[in-house]
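A.B. asks: Provide a 3D model corresponding to the input given below.
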Amino acid sequence: MKKNVAVIGLGRFGSAVSTALYNIGHDVLAMDTDESRVQSMMGQVTYPVTGDATNEQVLRELGVPDYDAAVVAIGSDVVSSVMACVLLKTMGVAYIVARANNDLHGNTLERIGVDKLVHAESEMGTRMAHNLFNPVVQGYIELAPNFGLSRLPAPQRFVDKTLKELGFSGPRDRYGLAVLAVKRRKDIILNPDVNEKLRAGDVLVLAGSDDRRDEVMDTQAS
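C.D. replies: Here you go, the predicted structure:
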């Protein structure tokens, strides 16, 4: 369902969020005090706007209180980040997501009542650490220490074999890993059947321990 989302702050993080939201069909108001950043978003969001999100009158004139959600992506200016969140909360924006630079910043935003915090740097650091010595892993989301979701290409030795033949047959499969999805070109196969035969170019989304995942990749390399 299409939503109206205001994104405040158009650094690398805010620009990426704005473009992604727009590309999946939402109406996006992208706002920054830097006119050059706003100009760079022309054609990539619904409403690129130059303005000060710490000014209540500006937010009200843009209709932001009626938006379904707001993302405060302001980077190093913690004061502006907090002020923008306070205004959005006071004006009744239903759902507020904010980027936190550190724990103190995050704790402050939580006390204000921000609905979701994003620790962009620490999350990116976690992903990089998991990819650093296993370049086959294309993406990673940590669920617990040494356990998460991994996206990686199907090894060549998996091609033309079913998941059942490969040992991915359920919770107690050979690898201790669960195949949550298979990406095949533009198609996504969620919770694939054990009789699904993998093809060249398939990408797997696995859930399980990092050690077990790496064992599968080591076996591939050998």
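A.B. asks: ok, and for stretch 13-25, which residues are buried?
C.D. replies: Neighbour-count burial for stretch 13-25, counted by 16 or more other C-beta atoms under 10 Å, picks out Phe13, Gly14, Ser15, Val17, Ser18, Thr19, Leu21, Tyr22. For the C-beta atoms, the positions are set from N, CA and C on the backbone; glycine is no exception.
A.B. asks: ok, now which ones touch the fifth one?
C.D. replies: I take that to be Ser18. Val7, Leu10, Val28, Ala30, Met41, Gln44, Val45 (C-beta atoms under 8 Å, 6 or more residues apart in numbering).
A.B. asks: From these, pick the one nearest Asp202.
C.D. replies: Gln44 (30.7 Å; C-beta to C-beta).
A.B. asks: Surely the closest one and Ala20 touch.
C.D. replies: No - contact between Gln44 and Ala20 fails when scored by C-beta atoms under 8 Å: they sit 10.0 Å apart.
A.B. asks: Identify the residues contacting the closest residue to Met91 other than its chain neighbours.
C.D. replies: Spatially, and ignoring its direct neighbours in sequence, Met91 is nearest to Pro65 (4.0 Å; C-beta to C-beta, 6 or more residues apart in numbering). Contact analysis of Pro65 by C-beta under 8 Å, 6+ apart lists Leu59, Met91, Gly92, Val93.
A.B. asks: Tell me the most packed of the residues you listed, by neighbour count.
C.D. replies: Within the contacts of Pro65, neighbour counts (other C-beta atoms under 10 Å) peak at Leu59, which reaches 25 neighbours.
A.B. asks: which residues sit against the helix or strand that contains it?
C.D. replies: Following DSSP states H and E, one finds Leu59 within helix 56-61. Helix 56-61 has contacts (C-beta under 8 Å, 6+ apart) with Gly51, Asp52, Ala53, Pro65, Leu87, Leu88, Thr90, Met91.
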